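Peer 1: coordinates for the following, if possible.
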Amino acid sequence: MTRKEIETLYDYDEWATIRVLDVLEPLSEEQFTKDLGSSHGGIHGTVVHMFGADWIWFERWKGNSPTTLVTPEHLPTRQALRERWQDHFKDLKRFISTLDDGKLLKPHSYKDMKGNPYTQPLYHQMQHKVNHSSYHRGQIVALVRQVGAKAQSTDLINYYRILQK
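Peer 2: Prediction:
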């Protein structure tokens, strides 16, 4: 995997995440916070989990190994989520700009939240982070529909179609 491919993948991830955040704006507070029985409660819990996982992976790439999760109490509002994500996207872009193809292929060690050590090529971890986000964006789409609101497509192919225009 090349840096150019990672840049494209992360541009897609940002585009898709912003689309999800835009869908959340018109929701009522009850719709946003309602426990819908999903793995992270509801919409708020799932979107916070998605951000938290993004943050944890980025910290690992910087040499840190967080041992706690970001919780809905840390990001209680849609505005707080959007602001944190905007800063996060800027930090990621700066980080990615420092990479070359060799760094992406090189094994990168980290510890999971329980302290277990792992080593994989950096690009595997970076691909996983985007895949994880895609999975949870799909859950959020389902949850948004559950509360009677309209979702937007965040499919990768739709992003590629936009690039072709």
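Peer 1: residues making contact with the helix ranked longest in the chain?
Peer 2: If you go by DSSP state H, the chain has its longest helix at helix 122-146. Around helix 122-146, the neighbours that count as contacts under C-beta atoms under 8 Å, 6 or more residues apart in numbering are 1, 6, 9-10, 12-13, 16-17, 20, 23-24, 27, 36, 38-39, 42-43, 46-47, 49-50, 53-54, 57, 60-61, 99, 103-108, 110, 150-151, 154, 156. Every residue, glycine included, has its C-beta placed from N, CA and C.
Peer 1: and it, what's buried?
Peer 2: By neighbour count on 16 or more other C-beta atoms under 10 Å, the buried set for helix 122-146 is 122-123, 125-127, 129-130, 132-134, 136-137, 139-141, 143-144.
Peer 1: sorry, back to before: can you flag the buried ones in the contacts of helix 122-146?
Peer 2: Using 16+ other C-beta under 10 Å, the buried members of those are 6, 9-10, 12-13, 16-17, 20, 23-24, 27, 36, 38, 42-43, 46-47, 49-50, 53-54, 57, 60-61, 99, 104, 108, 110, 151, 154.
Peer 1: dump the residue contacts of Thr2.
Peer 2: Contact analysis of Thr2 by C-beta under 8 Å, 6+ apart lists 101, 104.
Peer 1: if we go to 7 Å?
Peer 2: The contact partners of Thr2, by C-beta atoms under 7 Å, 6 or more residues apart in numbering, come to Asp101.
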